[in-house]
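In: need a 3D model of the following:
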Amino acid sequence: MNDIAPTKKLETSRDQNGVIQPLLTDLYAITMAYAYWKSGKHKDRASFDLLFRKNPFQGEFTIFAGLEECLKFLRNFHYSEPDMQYIRKVLSPDTEEEFFSYLGKLDTTEITVYSVDEGSVVFPKVPLMRIEGPLLVAQLLETTILNLINYASLVATNAARFRLAAGPGKSLLEFGLRRAQGPDGGLSASRYCYIGGFDGTSNVLAGKLFGIPVKGTQAHAFINSYNSASDIDERVLASADGSNRIDLVESSLHWREKLAPVLDYIPSQTSEGELAAFVAYALAFPKDVLCLIDTYDVIRSGLPNFCSVALALDQLRYRAIGVRLDSGDLAYLSSYMRQSFKKIADKFDVPWFEDIQIVASNDINEDTIHSLNNQKHSIDCFGIGTHLVTCQKQPALGCVYKIAEVNGKPCMKLSADVDKVTMPGRKNAYRLFGTDGLALVDLLQQIDEPPVTEGHKILCRHPFQATKRAYVVPSKVKALYRCYFENGEICQPLPTLKELRDSTHESLRQIRIDHKRALNPTPYKISVTDQLYNFVHDLWLENAPIAILS
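Out: Below you'll find the predicted structure:
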């Protein structure tokens with residue numbers, strides 16, 4: 001039996017995932033590489049653009065994510081001997097042995113990558129990355145880089161849309177690990193949802209690797225596992241300052257009777273097992289009590305039992321954190337609970353009680369949050385899983401990796417579908433801002449054009465429609481590309497995950513609200529300079545065949 005070397009264990013966010021390696025590619029990358037090598041084109045200088053054609057989720061913006069993983073992949077790019085042995089098996093037996101020797105020596109020292117900053121708001125047709133270097137090597141990178149960017153950007157965008165829907169004052173927690181597409185999908189979701197604006201995750205490994213705050217309390221199984229207070233061995237809890245000790249079960253039962261006329265319920269109709277579960281959890285975590293209250297009946301059992309335990313804890317100078325709803329009419333129940341908390345706060349002179357957190361986690365999607373907002377809900381925090389990490393509204397972003405230039409000669413893909421026509425040649429991109437500090441337009445120009453400068457009028461043209469054009473006098477100009485990888489090394493400092501999250505928030509702030517709204521958002525303008533416009537159309541006419549009619 002052959003021994004298989006274990007994949008290197010991830011320990012920190014700066015480690016490379018062992019699955020991300022040169023063989024994480026499509027076979028055609030390797031077959032093309034051999035054809036390039038066989039024909040002597042492998043050393044040609046090429047430039048590739050990574051871009052997408054349409055914003056996801058019927059929106060008008062996208063968050064760029066996944067750059068750091070791409071850079072780590074590039075830095076460590078190398079075919080191992082076992083890799084070479086496997087490639088020999090999948091290629092034709094007629095493949096020349098010299099090719100494998102060549103592959104074994106390949107690295108990325110001649111690759112240069114220019115990229116938009118990770119965490120930036122980006123738009124269709126503007127390349128996110130420009131990869132330059134030997135044609136063969138740059139082609140081999142295609143599938144892996146697309147894999148690393150597509151899902152990362154999609155789920156970061158989804159998270160940002162949830163954040164916009166919920167608003168800045170609500171907490172958002174990612175609960176998607178159990179529904180994610182495998183372990184790597186689960187970890188990636190936690191990482192990029194945090195970048196997109198979520199506050200925490202239930203994923204413990206993601207917390208360890210990426211420093212994301214980890215949140216979680218209990219499941220219905222925990223509540224169901226208790227039948228009565230007799231299931232609890234140690235019932236006594238000391239006060240927060242150590243000056244007092246009480247039987248938490250007896251105190252909770254006392255409060256359950258006392259609360260009945262305030263909340264209008266029958267104590268005997270509440271679940272004894274549920275109360276025991278809440279008490280058991282409070283005994284274990286008196287400073288972090290957040291109870292799942294919909295196991296039996298929210299209004300007649302869960303809410304009374306929670307409030308009873310919370311008031312018992314208050315006698316010991318502990319403050320319960322909140323409750324979680326995982327089913328039912330979230331708008332109605334949250335409002336009912338908030339009113340109940342206020343009643344208790346007033347009746348028993350516990351002002352903090354009316355601010356107890358209400359968490360909702362009932363298969364929530366973006367539309368659910370908008371609907372809850374319209375119903376004036378009282379939810380403080382949303383725990384979101386399936387619809388967030390699986391991106392059910394749209395399962396793929398559709399980034400593409402297109403060749404733009406070979407040996408200084410621009411390349412252009414033509415199509416009857418104008419959306420699929422590519423912008424030829426190496427390009428720079430700029431974001432132009434108005435006097436209000438908000439972005440007006442992204443402008444593409446040829447690499448040899450002078451940089452765009454603030455305060456100077458420039459003609460911005462639609463890439464394909466001649467009559468759509470406007471002069472812009474930008475109050476601020478931001479160059480979108482920086483060199484991130486050169487001579488085999490990452491050449492920019494990599495931000496922390498918290499810094500990426502902050503930069504995403506800032507980038508979104510600089511985009512007009514009508515571009516970000518959920519319903520009928522305004523398309524953001526993407527333009528080209530007059531020089532690039534004329535160049536594209538001349539090249540198009542030069543390459544498009546002329547039909548013959550008879």
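In: residue contacts, residue 37?
Out: Residues near residue 37 by CB atoms under 8 Å, 6 or more residues apart in numbering: 99, 102, 136. All C-beta atoms are positioned from the backbone trio N, CA, C, and that covers glycine.
In: excluding its backbone neighbours, what's nearest the second one?
Out: To tie it back to what came earlier, the one meant is residue 102. The spatially closest residue to residue 102, leaving aside those adjacent along the chain, is residue 37, at 6.3 Å (CB to CB, 6 or more residues apart in numbering).
In: that neighbour in helix, strand or coil?
Out: Assigned with DSSP: H, G, I helix; E, B strand; the rest coil, residue 37 falls in the helix class.
In: that one and residue 118, how far apart?
Out: Per CB to CB, to the nearest Å, residue 37 is found 33 Å from residue 118.
In: again with residue 384
Out: Per CB to CB, residue 384 is found 23 Å from residue 118.
In: check residue 495 too.
Out: According to CB to CB, residue 495 and residue 118 sit 7 Å apart.
In: before we move on, what about residue 92?
Out: 40 Å.
In: these two - which one has more neighbours?
Out: In this view residue 92 and residue 118 are compared by other CB atoms under 10 Å, and residue 118 has more residues nearby, 28 against 8.
In: which residue packs closest to the more buried one, ignoring adjacent ones?
Out: In space, and not counting its chain neighbours, residue 118 is closest to residue 67: 3.9 Å by CB to CB, 6+ apart.
In: run me through the strand neighbours of the strand or helix carrying residue 404, direction for each.
Out: Per DSSP states H and E: residue 404 is located in strand 400-406. Strand pairing for strand 400-406, using DSSP bridges, gives strand 45-51 (antiparallel), strand 409-410 (antiparallel).
In: quick revisit: how much space between the residue nearest to residue 118 and residue 483?
Out: For residue 67, the distance to residue 483 - CB to CB - is 13 Å.
In: so between these two, which is more surrounded?
Out: A side-by-side neighbour count of residue 67 and residue 483, using other CB under 10 Å, places residue 67 first with 28 against 13.
In: coming back round to it: which one (most neighbours) among the contacts of residue 37?
Out: In terms of neighbours by other CB under 10 Å, these top out with residue 136 at 22 neighbours.
In: using the three-state scheme, assign it.
Out: Secondary structure, three-state DSSP: residue 136 is helix.
In: with adjacent residues omitted, what lies nearest to it?
Out: residue 42 (3.8 Å).
In: how many residues are close by the one you found?
Out: By other CB under 10 Å, the residues close to residue 42 number 19.
In: which ones are touching it?
Out: Applying CB under 8 Å, 6+ apart, we find residue 42 in contact with 33, 36, 102, 134-136.
In: deepest of the strands paired with strand 400-406, which one?
Out: strand 45-51 (a mean of 22; mean count of other CB atoms under 10 Å).
In: how far off centre is that strand?
Out: In terms of CA atoms, centre = their mean, to the nearest Å, the centre of strand 45-51 is set 25 Å apart from its chain centre.
In: need the residues that contact it.
Out: By CB under 8 Å, 6+ apart, strand 45-51 touches 124-135, 138-139, 142, 145-146, 149, 399-408, 422-423, 425-427.
In: mind doing that once more with 7 Å?
Out: Strand 45-51 is contacted from outside by 125-133, 135, 138, 145, 149, 399-407, 426, using CB atoms under 7 Å, 6 or more residues apart in numbering.
In: can you give me the neighbour number for residue 234?
Out: Neighbour count of residue 234, defined by other CB under 10 Å: 9.
In: next up, identify which helix or strand it is on.
Out: Here residue 234 is assigned to no helix or strand, by DSSP H and E.
In: ok, the residue nearest to residue 136 to residue 406 distance?
Out: Taking CB to CB, one finds residue 42 at 12 Å from residue 406.
In: do the same with residue 126
Out: Residue 126 is 22 Å from residue 406, by CB to CB.
In: looking at the two, which one has more neighbours?
Out: Neighbours were counted for residue 126 and for residue 406 using other CB under 10 Å; residue 126 has more, 23 against 15.
In: what sits against that one?
Out: 51, 429, 442, 444, 526.
In: list just the nearest of the contacts of residue 37 to residue 163.
Out: residue 136 (41.8 Å; CB to CB).
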